[in-house]
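Student: what shape does this take:
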Amino acid sequence: EEFNLWLPSQLPAGTPVDLTLAGHEWELCYTQALDALNEVRSHLRLRSHMYKYKDKNVCSQAGSTRAKKIIDAVESRKHASVSKYRRARSALLSL
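Tutor: Next up, the predicted model:
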């Protein structure tokens with residue numbers, strides 16, 4: 001059997017909510033937002049390092065294509081972390 005689990009951030013404004021439950025959700029969302037920001041920072045540093053390495057060491061078309069493919073993978077992981085942060089931030093704002 002499936003049912004929806006309604007968290008305080010998903011309820012309409014003005015709906016009475018247990019403050020303890022809202023506090024727990026706030027802590028979880030805050031921690032998730034911090035983790036996502038750390039992931040974004042890490043991906044940005046990695047991407048910067050990858051571009052510097054590519055510019056310094058890669059000279060063939062095949063090597064450049066391979067490096068671009070790896071950089072694109074890092075970029076997609078960065079976008080996933082940004083989406084994770086935005087979801088956590090919107091939940092925090094709704095609390």
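Student: and the pLDDT at the most centrally placed residue in the chain?
Tutor: Among the residues of the chain, the one closest to the centroid is Ser81, at 2.0 Å (Cα atoms, centre = their mean). Per-residue confidence (pLDDT) for Ser81: 97.
Student: and the nearest residue to it once chain neighbours are set aside, how many residues sit next to it?
Tutor: With Cβ to Cβ, 6 or more residues apart in numbering as the criterion, Ser81 has its nearest non-adjacent residue at 3.9 Å, and that residue is Glu39. The C-beta positions use only the backbone N, C-alpha and C, and glycine is treated the same way. Residues lying near Glu39 (other Cβ atoms under 10 Å) number 17.
Student: from Ser48, how far off is Glu39?
Tutor: 15 Å (Cβ to Cβ, to the nearest Å).
Student: what residues are up against the residue nearest to Ser81?
Tutor: Arg77, Lys78, Ser81, Lys84 (Cβ atoms under 8 Å, 6 or more residues apart in numbering).
Student: out of these, which is most surrounded?
Tutor: Counting by other Cβ under 10 Å, top hit in those: Ser81 with 20 neighbours.
Student: cool, thanks, talk later.
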